[in-house]
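Participant: Just a sequence and a predicted model for now, questions to come.
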Protein chains: 2
Amino acid sequence: MAAHMTPDEFRAYGHQVVDWVADYWATLEQRPVLPSDPPGTVAGKLPARAPVAGEGVDAILKDLDEVVLPGVTHWQHPGFFAYFPANTSGPSVLGDLVSSGLGVQGMLWATSPAATEVETVVLDWLVGLLGLPERFLSTGAGGGVIQDSASSATLVATLAALHRASGGEWRSAGVRRRFTAYTSTQGHSSIEKAARIAGIGDGQVRAVETDEACAMRPEALRAALAADVAAGCVPAIVVATIGTTSTTAVDPLPAIAEICREYGVWLHVDAAYAGSAAVCPELRWSHAGVEFADSYCFDPHKWLLTGFDCDAFWVADRAELVQALTVLPEYLRNAASDSGAVLDYRDWQVPLGRRFRALKLWFVLRWYGEEGLRAHIRSGVAAAQWFAERVRADERFEVVAPHPFSLVCFRLRSDDGDGADEQNAALLARANASGAAYLTHTRVHGRYALRLAVGSPRTEERHVAAAWELIAGLAGEPG
Amino acid sequence: MAAHMTPDEFRAYGHQVVDWVADYWATLEQRPVLPSDPPGTVAGKLPARAPVAGEGVDAILKDLDEVVLPGVTHWQHPGFFAYFPANTSGPSVLGDLVSSGLGVQGMLWATSPAATEVETVVLDWLVGLLGLPERFLSTGAGGGVIQDSASSATLVATLAALHRASGGEWRSAGVRRRFTAYTSTQGHSSIEKAARIAGIGDGQVRAVETDEACAMRPEALRAALAADVAAGCVPAIVVATIGTTSTTAVDPLPAIAEICREYGVWLHVDAAYAGSAAVCPELRWSHAGVEFADSYCFDPHKWLLTGFDCDAFWVADRAELVQALTVLPEYLRNAASDSGAVLDYRDWQVPLGRRFRALKLWFVLRWYGEEGLRAHIRSGVAAAQWFAERVRADERFEVVAPHPFSLVCFRLRSDDGDGADEQNAALLARANASGAAYLTHTRVHGRYALRLAVGSPRTEERHVAAAWELIAGLAGEPG
């Protein structure tokens, strides 16, 4: 027989690994945020073949410390300000641990009813928590589901949109017309990727012009739609963004929604990062018009303390989504599905299988409560506003985009075009080499800018203050 | 400030949750495998809104026991013989716990080098462990990656195949020709779903006839290809199966591969369940011809003791896959990617983000070693063969398909067509109502059959024996 780990062995080793995680979190600040070894360093320290005989947990944890950890970028570090946060939290890890232990595969309601029902309820909770429209509730015609990522949410929205735009012909016949998709020039790369995957072609994605604040110009959207219709294309989907990846710009949903209605086009709203902000009533202005969306998503795994992977995705009409995606072989038929009384989430996503991801979200929502989640978002927003003030108060720097959430885009001022970009890139490289902070970059109106995104539960005001001191110091003497 | 869980709180609660999992595993056998409550039972016991104030872990665990657990199907139960196993193990849960705690997002090499490098190495290990062709090694032109499921593996294989079949035009222009896909009538439903998602259309999937053993007939594949080419279609992909979902039939890869070469069609091999068997040299006959595949996948989360989600997917030419899927916005550019010296796994999959899933696989491969994994597979195969012998020895029953792995398909004999199907369905329902075992069904050559799949690390010979006693008893007196 194989040497399976007994429950009692698991108990002992499990305590050891929990302690490892607790110690890791407690000492994170002492580590550099970023590793510095060249490509191949970790791989070079691992053997070329799996072991023949089994090894002990101690040996594995030793290599975890000595081989793996030096090659890890510490996304949970209080000095992690790169990309968007991908924060996790104690309750999320506990919920995920329960999910790993249960090991259920909730592809159908029947394959583990609780996995489906907890997910449905928790997604309904989020509708209330974010002030989303009631049409997204599962108690009506809508409903929510957990996707692995906003990329996958955009893809399934695109598929449902194709199903609608083709009058159902697409499922069997495939893409037989020149469908088009629309997003702003600031839309996420996953929109282009979804169009490619869905067989529309990324050349059929229209990048709609934006305004000074990097938000979509509705009149430009209308012009693009009109031109495509005139050219014989079939507009399938518009993806509007609440909180773009580059600068967290907010597209004007009410005007966009009106145009979508006029053209009969599916409106998907991608709020991957900024959706979490809607737990705070004072930030819900960003979601004005979401009641007109056919689908909407945000990532609790970005800024709502729930570990990757957890994207929350809703549709206003779940029947359209299920029709687009369902395939029913004999071995998946069961009485509950046949009755129509249950939701089978396999028909809401690309993969068939699914783990019990709702548990981590359930643990997080219960541990923090509405109050705790609001406090977390508010602390991030306050820290970012404080940082933006420092940037504004220093004449060497400029803030280059509105910053309503917890991201600030800024740069060293300069009249020297390309030289200025290089100066800013050099500043970023020096700041990241410090090991104390990690920021990334973007381009705003064509010019290189630094991005500082706050979101880790471990990030306190002092860490943001230290990041500012670091950057201001590296920038040299005030000009 | 939000009430974040401190590392010391996490330490205490973490021990509690580890104990919960250990107790769950230790007492699993005392629970009925399947819940019996009607739809809505779990949801009806949960409040309609998230709590306003945070709650304690004790309150959450109380509801986990009282509300959630009664609605769970116990996939890790020793009496779980349904579908295919989705087994997990102690080392897998520990590895996943480390991954949750680290909370890294390994979309790019640069966003956490160790996440990419451990994955690459571990996938190379699996090539050796399963005796897969060297062309899949990352040290050559190929390489492996973890997908969430075999469905996603089939989808990305289809996309790479479309890229190839269109001469690259597909990325930008979309599906502009009548592409076709091929699998046997026994191919998994995810192939049809992938064709739909990719915009080929599920009506363009040819279900190729099978033989008595439910394996694809190569001459029927050749005929289908010839007919489509004559009709102006462009064959894009053939999906052959090692271990079909219904009966674990093995398609004749060498003959299929020759036809694919002749027609220049991408060959993807789906070994979702049976791939794990290849850790045993005596079962590698099932993989003859895999050296001709353009891509191949199997699910360690089915039968190799690694918790969902963990599908291992390889391509012979990684450049084709990356070209098909890459999209590069400014905010993801970095020096390591620009250098070409690293793998960025975001370009190997649908989503952008990715968790550090290689850790659970690494823990499993090290804890068990080759020897432990072989022993696990061999015990499942032996149990299934023992069960098949009992079925054969009982004249009331018949085995309805070859059973080289750990699945046995069988039925009550009867000359009465539809009545026999109903008798078998009733037998299945009674067996499952016992709470001691859970089996599912399929149709073989059009007739209803029961499926018994062995795979849980908790399933011992006595559990398989008990399942046989149960079924034999319920079938009534020997005829």
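Facilitator: Good, I have the coordinates. Numbers count the residues shown, from 1 in each chain, chains lettered A, B, ... in the order given.
Participant: can you tell if stretch A:65-79 touches chain B?
Facilitator: Yes: with C-beta under 8 Å from any C-beta of the partner chain as the criterion, chain B is reached by stretch A:65-79 at A:67-76. To be clear about C-beta, it is placed using only N, CA and C from the backbone, and glycine gets the same treatment.
Participant: With respect to chain B, which of the residues you listed is nearest?
Facilitator: A:Gly71 (3.3 Å; C-beta to the nearest C-beta).
Participant: Which secondary structure element is home to the closest residue to that closest one other than its chain neighbours?
Facilitator: Leaving aside its sequence neighbours, A:Gly71 sits nearest to B:Ala114 (C-beta to C-beta, 6 or more residues apart in numbering or on different chains; 3.3 Å). Element membership for B:Ala114, per DSSP states H and E: helix B:113-130.
Participant: which is the next helix or strand following that helix?
Facilitator: Once helix B:113-130 ends, the next helix or strand along the chain (criterion: DSSP H and E) is strand B:143-147.
Participant: Pull the distance from that following strand to the chain's centre.
Facilitator: Relative to its chain's centre, strand B:143-147 lies at 14 Å (C-alpha atoms, centre = their mean, to the nearest Å).
Participant: what packs against the helix holding B:Ala114?
Facilitator: When contacts are defined as 3 or more C-beta pairs under 8 Å, 6 or more residues apart in numbering or on different chains; DSSP states H and E, helix B:113-130 packs onto helix A:41-44, strand B:143-147, strand B:311-315, helix B:358-393.
Participant: which residues touch the residue in the stretch 101-250 of chain A that chain B sits nearest to?
Facilitator: Residue nearest to chain B within the stretch 101-250 of chain A: A:Gly199 (2.0 Å; C-beta to the nearest C-beta). By C-beta atoms under 8 Å, 6 or more residues apart in numbering or on different chains, the residues touching A:Gly199 are A:174-175, B:162, B:170, B:174-175, B:198-200.
Participant: for A:Thr88, phi and psi?
Facilitator: phi -130, psi -180 (degrees, to the nearest 10).
Participant: what is the rounded mean pLDDT of the helix holding B:Ala114?
Facilitator: Helix B:113-130 carries an average pLDDT of 98.
Participant: Just confirm A:Glu395 contacts A:Arg413, I think it does.
Facilitator: Yes: look at A:Glu395 against A:Arg413 with C-beta atoms under 8 Å: they come within range, at 7.5 Å.
Participant: More neighbours: which of those two?
Facilitator: A side-by-side neighbour count of A:Glu395 and A:Arg413, using other C-beta atoms under 10 Å in any protein chain shown, places A:Arg413 first with 16 against 9.
Participant: Have a look at chain A and report the helix or strand with the lowest mean pLDDT.
Facilitator: Lowest mean confidence among the helices and strands of chain A (mean pLDDT, DSSP states H and E): helix A:335-339, at a mean of 82.
Participant: Show me what that helix is in contact with.
Facilitator: Helix A:335-339 is contacted from outside by A:108-110, A:328, A:342, A:344, B:39, using C-beta under 8 Å, 6+ apart.
Participant: Contact partners for A:Ala161?
Facilitator: Residues near A:Ala161 by C-beta under 8 Å, 6+ apart: A:236-237, A:265-266, A:268, A:294.
Participant: sorry, that was for A:Ala475
Facilitator: If a contact means C-beta under 8 Å, 6+ apart, then A:Ala475 has A:396-397, A:412, A:427 as its contacts.
Participant: repeat that with 7 Å
Facilitator: A:396, A:412, A:427 (C-beta atoms under 7 Å, 6 or more residues apart in numbering or on different chains).
Participant: now swap in A:Gln349 and tell me
Facilitator: A:Gln349 makes contacts with A:145, A:147, A:152, A:156, as judged by C-beta under 7 Å, 6+ apart.
Participant: Now do the strands in chain A.
Facilitator: Along chain A, counting by DSSP state E, strands occupy A:143-147, A:179-184, A:205-208, A:234-241, A:266-270, A:295-298, A:311-315, A:397-399, A:407-412, A:440-444, A:447-453.
Participant: now those as TSV including distance to chain B?
Facilitator: Converted to TSV, the strands of chain A look like this (distance: least, C-beta to the nearest C-beta, whole Å):
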stretch	distance to chain B
strand A:143-147	8
strand A:179-184	8
strand A:205-208	10
strand A:234-241	11
strand A:266-270	12
strand A:295-298	12
strand A:311-315	9
strand A:397-399	18
strand A:407-412	11
strand A:440-444	5
strand A:447-453	8
